[in-house]
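K.L.:
Quick one: sequence plus predicted model below, questions after.
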Amino acid sequence: MIPMETSKLIIDYTGMMVSEQNSKGFAKEDLLGLQSKLDEAQTNLHALRDSGKLDFSLLLPEMLAQLPELCAYADEVAAKFENFVVLGIGGSALGPLAVQQALNHYYYNELLPDQRSNRPRFYVLDNIDPVRFKELGQVLDPRKTLYNVISKSGNTSETMAQFLIVRDYLRHFCGESYADHIVVTTDQQKGNLLPIALKEGFKRFVIPSGIGGRFSELTPVGLLAAAICGIDVEQLLAGALEMDRRIRETKGVFANPAQLKSALSYLSWQKGKKISVFMPYVDGLKTMADWYAQLWAESLGKRYDRTGKAVSLGQTPVKALGVTDQHSQVQLYAEGPDDKVITFLTLEEFKDTQGIPVDSALPEDIQFLGGKTLEELLFAEQKATEYALTLAGRQHQKIILSALTPFNIGQLLLLLEWETAYMGELFNINAFDQPGVEEGKNGTYGLMGRAGYEAKKQAIKEFGQERHLLE
Ligand SMILES: O=P(O)(O)OC[C@H]1O[C@](O)(CO)[C@@H](O)[C@@H]1O
């Protein structure tokens, strides 16, 4: 265990270490054996600072300094609008969704206005399914809705298409005041969204140029949505700053949380664990698994390393939820191919409790539940799953949060962002770009990009109309 100073976030890696049950685990020497690579990684990462690649860390104080203006705007619009809708995709959507689910009432939108401090309902449109898009429009009054168009590049076809539809819709229902219903969050210097926002007078927030979408939750991408929905963004940043300080100031794999977490991931990968399962035993962290999946997949899934050598690296993220996926995926984790490392996320305590009534008339194998609480049952099941995986010789680790608080979520976000940055160094790849999807994003050729478009034209030429390919 690596107890943090605030003892609010602990990394328990017992399940990764060799033991009488876990003969395939690591020895401490394995972790210490990575120390020089980790120190080199730390040096390389700080050398990246001038290129902006570390801005997700270095700009945290600047994000804190911007809070008064951001929160003043958030309070102003929260009082004016009943609905707040994010238009965005990838990091522009997953961070806001993850933090909202972790820190607000699970049924926030279903609460009565005064139960959510009269803050607006929160929606995220992160896809271009025409039915889902139109059906949200059918349940919201556009005159009472604020749309936050979030795009770092300002050139993502999906988000820009959503923007064009919403702007047209708002012009129809709100006339000249349509601009008051749109706030834009985009890069400070480039992309199509910036000139549109300037020309049409939309309120604008800036994503610093050095911070990529999947690392942008602690910029206005995530902070504005959180503030509008009543989340304590000051505490969110305080936790991030505490974790960031710890990671930048402490040396050694057993003291530096990012070094430890990335070492465990790297050693697992070296031992053939090409799949990384992220399994919170907290419903409020279910979408955090989606956010982490993008961070891990898009940062590490790279064809070339930094020498230009073709390496095809990466570790496939799998999202799971405990206890739920004990009834769908754990069979595979325990007895299927030994190609996975599982990271559990648990709380020391939930913010509420639920007792289970006693019924002495029940059969013994159900009666034992009476008088317990749901959280006792959940904790027991999580430990039992850990034990079963240990007996099966499967690698697992655990991040323990004292509770779901803004401070702890800030710590968790920074830990996972730094883990990813370190893993990129250990892989010797650029963890901060995404060439594999870049072309598809900016062209109208869809995710396959121009190459896919040309291949499709060639296939049609060779095989006739596209439909023959499916027959
Ligand atoms: O914020 P943008 O530039 O619209 O990009 C949205 C998403 O698309 C990607 O650039 C590529 O999938 C992600 O990295 C990013 O989070």
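P.N.:
Looks like it arrived, so ask away.
K.L.:
my read: residue 151 touches residue 194, true?
P.N.:
No. With contact defined as C-beta atoms under 8 Å, residue 151 does not count as touching residue 194 (9.8 Å). Yep, even glycine has a C-beta here, placed from its N, CA and C like the rest.
K.L.:
Which residues of the stretch 1-150 of the chain lie near the ligand?
P.N.:
89-92 (C-beta under 6 Å from any ligand atom).
K.L.:
Tell me the most packed of the residues you listed, by neighbour count.
P.N.:
Of all those, residue 92 has the most neighbours under the rule other C-beta atoms under 10 Å, reaching 29 neighbours.
K.L.:
quick one: residue 230 and residue 75 touch, right?
P.N.:
No. Between residue 230 and residue 75 there is no contact under C-beta under 8 Å: 9.5 Å.
K.L.:
Residue 125 is in contact with residue 136, isn't it?
P.N.:
Yes. Residue 125 lies in contact with residue 136 (C-beta under 8 Å); the separation is 6.4 Å.
K.L.:
The longest helix anywhere in the chain near the ligand anywhere?
P.N.:
Counting by DSSP state H, the longest helix found in the chain is helix 406-427. No. Helix 406-427 is not in contact with the ligand by C-beta under 6 Å from any ligand atom; minimum separation 12.5 Å.
K.L.:
Where do the strands of this protein begin and end?
P.N.:
Remark: strands assigned in the chain by DSSP state E are 9-12, 83-87, 121-125, 145-151, 182-187, 203-207, 275-280, 302-304, 310-313, 316-319, 340-347, 395-401.
K.L.:
can you list contacts of the longest one?
P.N.:
The contact list for strand 340-347 (C-beta atoms under 8 Å, 6 or more residues apart in numbering) reads 16, 264-265, 268-269, 273, 275-282, 285, 288, 318, 320, 322, 333, 379, 382, 385-386, 389, 394-404, 412.
K.L.:
Please indicate which of those are buried?
P.N.:
Listed as buried from those are 16, 264-265, 268-269, 273, 275-282, 285, 288, 318, 320, 322, 333, 379, 382, 385-386, 389, 394-402, 404, 412; burial here means 16 or more other C-beta atoms under 10 Å.
K.L.:
tell me the mean pLDDT over stretch 391-406?
P.N.:
What stretch 391-406 shows for mean pLDDT is 96.
K.L.:
And the pLDDT at the closest residue to the ligand within the stretch 301-450 of the chain?
P.N.:
Residue of the stretch 301-450 of the chain nearest the ligand, by C-beta to the nearest ligand atom: residue 437 (4.4 Å). pLDDT, residue 437: 85.
K.L.:
Can you report how many residues lie near it?
P.N.:
14.
K.L.:
what does residue 187 give?
P.N.:
Look at residue 187: counted by other C-beta under 10 Å, it has 18 neighbours.
K.L.:
Over to the one 5 residues further on?
P.N.:
As a burial measure, the neighbour count of residue 192 was computed by other C-beta under 10 Å and equals 16.
K.L.:
Could you pull out the helices in the stretch 1-150 of the chain for me?
P.N.:
Assigned by DSSP state H, counting those that start in this stretch, the helices in the stretch 1-150 of the chain fall at 28-32, 35-47, 55-58, 60-65, 67-80, 91-103, 130-139.
K.L.:
which of these sits most buried?
P.N.:
With neighbours defined as mean count of other C-beta atoms under 10 Å, the helices of the stretch 1-150 of the chain peak in mean count at helix 91-103, which reaches a mean of 26.
K.L.:
Give me the pLDDT value at the residue of the chain most remote from its centre.
P.N.:
Most distant from the centre of the chain: residue 361, at 45.8 Å, with distances by C-alpha atoms, centre = their mean. pLDDT recorded at residue 361 is 94.
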